[in-house]
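**Q** Everything below, folded, please.
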Amino acid sequence: MEMNGLKKAFQGFDFNNVDVNQAGNWPIGIKVIVYLLVFAIIVGAGVHFLIKDKHAAVEREITKEQELKQEYQRKAFQVASLDALRKQMADVEGRFAELLKQLPTDKEVPGLLEDITEIGRSAGLEFDLIALQPEKREQFYVELPIRILVRGNYHQMGEFVSGVAAIKRIVTLHDFSLQPGGDNSLTMEISAKTYRYDDTK
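**A** Numbers count the residues shown, from 1 in each chain. The predicted structure is shown next:
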């Protein structure tokens, strides 16, 4: 009985000459199979794309998780070393403040010139010139060159250089030249440089 029903469901269908345009006239069994195949393809495609999207989302979340773990480790390290960094910062600020105290302010530069002149005279030198030159701006500081021209003997000049090096303010000496003068004296031209913090930046 069941075999007869199956035969009727597929009766009259020529598997060798399938005509899609005549699909409406196909036996019920063929139509059911075609519907099931189409349904299975649609469901399979839907599941495939759904799983593909979900898989991509999971991959993104895994990558994000790794990034968050790395950031957490970095921040945990920063927090763990925060006290040490604060102490270092305080030390650096203290040293910086000490160095700033050694840099003359605009008001102190004339006094610095007087100090250098006094050191030279105490050493027995004669000053032909001591003058500020145009300042040079660097990245964090302003350089204040001072041109100095003095006369005296070798020992006096050595005493002068030692005295300038001992000034509490930061003063560096550069580009000196010695020329013999009359009466066994020497003429020395030297460039002294002092610096001030550029607080305009």
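
**Q** Next, report how far the top helix by length along the chain is displaced from the centre of its chain.
**A** In the chain, assigned by DSSP state H, the helix with the most residues is helix 28-80. Relative to its chain's centre, helix 28-80 lies at 38 Å (Cα atoms, centre = their mean, to the nearest Å).

**Q** list the helices and strands that helix packs on?
**A** If you count contacts as 3 or more Cβ pairs under 8 Å, 6 or more residues apart in numbering; DSSP states H and E, helix 28-80 packs onto helix 2-10. Yep, even glycine has a C-beta here, placed from its N, CA and C like the rest.

**Q** Go ahead and confirm residue 117 touches residue 128.
**A** No - here residue 117 lies out of contact with residue 128, judged by Cβ atoms under 8 Å, at a distance of 11.8 Å.

**Q** The two: which has the busier surroundings?
**A** Comparing residue 117 with residue 128 by other Cβ atoms under 10 Å, the one with more neighbours is residue 117, at 15 against 12.

**Q** for the more buried one, what are its contacts?
**A** By Cβ atoms under 8 Å, 6 or more residues apart in numbering, the residues touching residue 117 are 127, 130.

**Q** and it, how far is that from residue 160?
**A** To residue 160, residue 117 is 10 Å away according to Cβ to Cβ, to the nearest Å.

**Q** any low-confidence regions in this protein?
**A** 1-30, 96, 99-108, 198-201 (pLDDT under 70).

**Q** Now with 90, please.
**A** Scanning the chain for pLDDT under 90 picks out 1-116, 130-133, 135-144, 154, 157-158, 164-188, 192-201.

**Q** Domain boundaries for it, per the record?
**A** Annotated domains of the chain cover 1-80, 103-197 [automatic domain parsing].

**Q** For stretch 128-136, list the C-alpha coordinates in CSV.
**A** Output of stretch 128-136 as CSV, limited to C-alpha atoms (Å, rounded to 0.1, in the frame of the first residue of the first chain):
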residue,chain,number,x,y,z
ASP,A,128,90.2,96.5,28.6
LEU,A,129,86.6,95.2,28.0
ILE,A,130,83.8,93.2,29.7
ALA,A,131,80.6,93.4,27.8
LEU,A,132,77.4,91.3,27.3
GLN,A,133,76.9,90.0,23.8
PRO,A,134,73.6,89.3,22.1
GLU,A,135,71.8,86.4,23.9
LYS,A,136,71.1,83.1,22.1
